[in-house]
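> Generate coordinates for the sequence data below:
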Amino acid sequence: MGEFTMPSLGADMDEGTLVEWLVTQGAEVARGDVVAVVETSKSTIEVECFESGTVTEFLVEPGTTVAVGTPLAVITPAAPGPPSVPPVPVPVETTSATPLVRHQAAEEGVDLDAVHGTGAGGRIRRADVARAARPASARIAASPLARRLADSLGVDLATVKGTGSRGAIKADDVRAATGAEAGSKERTHTAVGRRAAPAEPPPANTATATAAAPSAGDRLAIARLMSRAKREIPHYYLATTIDLAAAVEWMHRQNSTLPVAERLVPAALLLKAVALAAREVPELNGHWKEDHFVPATGVRLGTAVALRGGGLVAPALADADRMPLGDVMATMKDLVLRARHGRLRASETADPTVTVTNLGDQGVESVLGVIYPPQVAMIGLGRVTDRPVAVDGMLAVHPAVTATLSADHRATDGATGARFLTALDRLLQHPEDL
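Got it, this is the predicted structure:
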C-alpha cells in the first residue's frame, strides 16, 4: 500500500494547500496521471502520482494546508494475477461530480445538469461550478491572483478599474478598490476560492490572512530562499558580450520559411545554446548536496517566469539540450503561458539542474542572478542591442547580448565558469548546429 504525499515543488516550499482532487475514491490511476491540484506560495500546480493502483482513501480534504511529505491519499497497487477480463458495467450518475462538488453547487445554487465539466470524462470540477455561479465575473479580464484576492475581500470585479494590459485587473487594483471601500466588511474564503459567510477579519498571522495577500507570502518565500542562497553559497560572477550577428541572420532566414506561429525569437536560440553549453560543461549542471556536487544525468533547464500577479516560478525544459530548436520555442511559449495561468504540472517544476533568467524583454542589458539552491549556477541574459564591434579591422554595428554567470565557488572556480561562457559564445556563432 502506497501513500500519495504532498510533493516538494521547489527548494523554498515547506507546505502546500490541496486545492482539488481530480480523481474520485476507488478510481484506477496510472503512474504519471494528474490526480490533484496543489497551491504553493508561488503558483497553482497540477500534481501527478508516481505509482499505479487504486485510490483507496483520501486523507486530506481540499482547502487544507499541510507540510511537504504529509500523506494526502492511499493508493493501493494492483495485485498481480491472471489477465484482466472486461469489467461488468455499473450504473453511473448522469452528472459526474464528487460529493464535495455537489455540496458546493447546492450552496451556490448551481444546477449541475447545466454545467459543462472540464475534468476527465466530462467530470464537473469545483472551478466549473465557480464559473457557473459567477458568469459575469468570469468574463472580466483579471489575473488569477486578482480573482483570489477579490474573493477573499468580497470585492466585485465588475466595480474594479483594471490598470493592466488592455484593462486587465491586477492584484494592486483590487487592493486599491478595498482601500476605497474601507467601511465594507471583509469576507474570509477557503483555499479553493468558495465564498463563506461574512466574518470578522482574522489575526494578521493566520493562514487566511496569508491567502488574502498571496503576493506578500510569495515575497516572504523568495526572501527566505534568496537569503539562504546568499548566506550559504559563495557566489562568483563572470560576464561576456556575445556577437549575435550570425545567429540573428540565420534566424531571419529560417523564419522566412516558417508560418508566423512557428517563427523563432532570439530567446529560443539563447536557451538552446545554454542547454548545450551545460551539457558540455557538466560541472555547472547539477546540485550541491551533503557537502559535495552531484552532477545531473541530463539537462533540465529552468526558465524564470515573472507572474502577472507578482512573484516568480521556474518551470524546467526537460532534456533541453536534445530538443530540436522548434520544440524549444514551442515548449518555452507553452510553459510561460501555463505558468501565468496556474496550470503547471509538478514534473515541470521539480529539480531544474541549471536556471536561466532573461530580463531582456524588460530592457535590462545585464543581470547578475542569485543561484537557486541546490543548483550551482544561474545564467543571466540581457537585452539584444546593436553595438559597435571590430570586424576584420573595421568598425561595424552588430546585435549583441551580455551573458552573465553566477556560480557556486564550492563546486567550481572561475576557470570552469569561463569555459562555460566560451562554449556559449562558440555555439551561438554556429546557429545551424543548435
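> where's the nearest residue to D351 once chain neighbours are set aside relative to D113, distance?
Leaving out its chain neighbours, the residue that sits closest to D351 by C-beta to C-beta, 6 or more residues apart in numbering is R300, at 6.3 Å. Heads up, the C-betas are built off the backbone N, CA and C, glycines and all. As judged by C-beta to C-beta, to the nearest Å, R300 and D113 stand 44 Å apart.
> now M251
52 Å.
> These two: who's more crowded?
The residue with more neighbours, out of M251 and D113, is M251; 20 against 8, by other C-beta atoms under 10 Å.
> And for the more buried one, nearest residue in space, chain neighbours not counted?
Going by C-beta to C-beta, 6+ apart, M251 has L264 as its nearest residue, at 5.2 Å.
> residues of the helix or strand that contains L395 that come out buried?
Element membership of L395 [criterion: DSSP states H and E] is strand 394-408. Residues of strand 394-408 classed as buried: H398, P399, A400, V401, T402, A403, T404, L405, S406, A407, D408 (neighbour count, 16 or more other C-beta atoms under 10 Å).
> repeat for stretch 2-19
Neighbour-count burial for stretch 2-19, counted by 16+ other C-beta under 10 Å, picks out 2, 4-10, 12-13, 16-19.
> May I have it exported as PDB, CA atoms only?
This file holds the C-alpha atoms of stretch 2-19, laid out as PDB (Å, rounded to 0.1, in the frame of the first residue of the first chain):
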ATOM      1  CA  GLY A   2       1.500   3.300  -1.100                       C
ATOM      2  CA  GLU A   3       0.900   6.900   0.100                       C
ATOM      3  CA  PHE A   4       0.500   9.800  -2.200                       C
ATOM      4  CA  THR A   5       2.200  12.700  -0.300                       C
ATOM      5  CA  MET A   6       2.400  16.500  -0.600                       C
ATOM      6  CA  PRO A   7       5.200  16.900  -3.000                       C
ATOM      7  CA  SER A   8       8.200  19.300  -2.800                       C
ATOM      8  CA  LEU A   9       7.800  21.600  -5.700                       C
ATOM      9  CA  GLY A  10      10.900  23.700  -5.000                       C
ATOM     10  CA  ALA A  11      13.700  24.200  -2.500                       C
ATOM     11  CA  ASP A  12      11.700  27.100  -0.900                       C
ATOM     12  CA  MET A  13       8.500  25.000  -0.400                       C
ATOM     13  CA  ASP A  14       7.700  23.900   3.100                       C
ATOM     14  CA  GLU A  15       4.000  23.400   2.800                       C
ATOM     15  CA  GLY A  16       1.200  23.500   0.200                       C
ATOM     16  CA  THR A  17      -2.600  23.700   0.100                       C
ATOM     17  CA  LEU A  18      -4.600  20.900  -1.500                       C
ATOM     18  CA  VAL A  19      -6.900  22.800  -3.800                       C
END
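> all helices of this structure, in order?
99-108, 126-133, 135-138, 144-153, 171-180, 207-212, 214-232, 245-255, 266-280, 325-340, 346-349, 414-428 (DSSP state H).
> Relative to V391, tell me which of these wins on proximity.
With C-beta to C-beta as the criterion, V391 lies closest to helix 245-255 of those, at 8.5 Å.
> Just to check, S41 is in contact with A221?
Yes - S41 is within contact range of A221, at 4.2 Å (criterion: C-beta atoms under 8 Å).
> between those two, which one's more packed in?
Applying other C-beta under 10 Å to S41 and A221 shows that S41 carries more neighbours, namely 23 against 19.
> okay, the more buried one: pLDDT?
What the model reports as pLDDT for S41 is 71.
> and what of T422?
97.
> May I have stretch 423-434 as PDB, with CA atoms only?
Only the C-alpha atoms of stretch 423-434 are listed here, as PDB (Å, rounded to 0.1, in the frame of the first residue of the first chain):
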ATOM      1  CA  ALA A 423      31.200  27.400 -25.100                       C
ATOM      2  CA  LEU A 424      28.100  29.500 -25.100                       C
ATOM      3  CA  ASP A 425      29.700  32.100 -27.400                       C
ATOM      4  CA  ARG A 426      31.000  29.500 -29.800                       C
ATOM      5  CA  LEU A 427      27.600  27.700 -30.000                       C
ATOM      6  CA  LEU A 428      25.900  30.900 -30.900                       C
ATOM      7  CA  GLN A 429      28.300  31.600 -33.800                       C
ATOM      8  CA  HIS A 430      27.100  28.400 -35.400                       C
ATOM      9  CA  PRO A 431      23.300  28.600 -35.000                       C
ATOM     10  CA  GLU A 432      22.700  26.000 -37.700                       C
ATOM     11  CA  ASP A 433      24.100  23.400 -35.300                       C
ATOM     12  CA  LEU A 434      21.700  24.300 -32.400                       C
END
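> buried ones in that stretch?
For stretch 423-434, by 16+ other C-beta under 10 Å, it's A423, L424, D425, L427, L428, P431, L434.
> circling back to that earlier point, rebuild the helices of the chain as a markdown table, extending it with distance to T65.
Output for the helices of the chain, formatted as a markdown table (distance: least, C-beta to C-beta, whole Å):
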| stretch | distance to T65 |
| --- | --- |
| helix 99-108 | 17 |
| helix 126-133 | 17 |
| helix 135-138 | 25 |
| helix 144-153 | 14 |
| helix 171-180 | 20 |
| helix 207-212 | 6 |
| helix 214-232 | 11 |
| helix 245-255 | 46 |
| helix 266-280 | 35 |
| helix 325-340 | 22 |
| helix 346-349 | 17 |
| helix 414-428 | 40 |
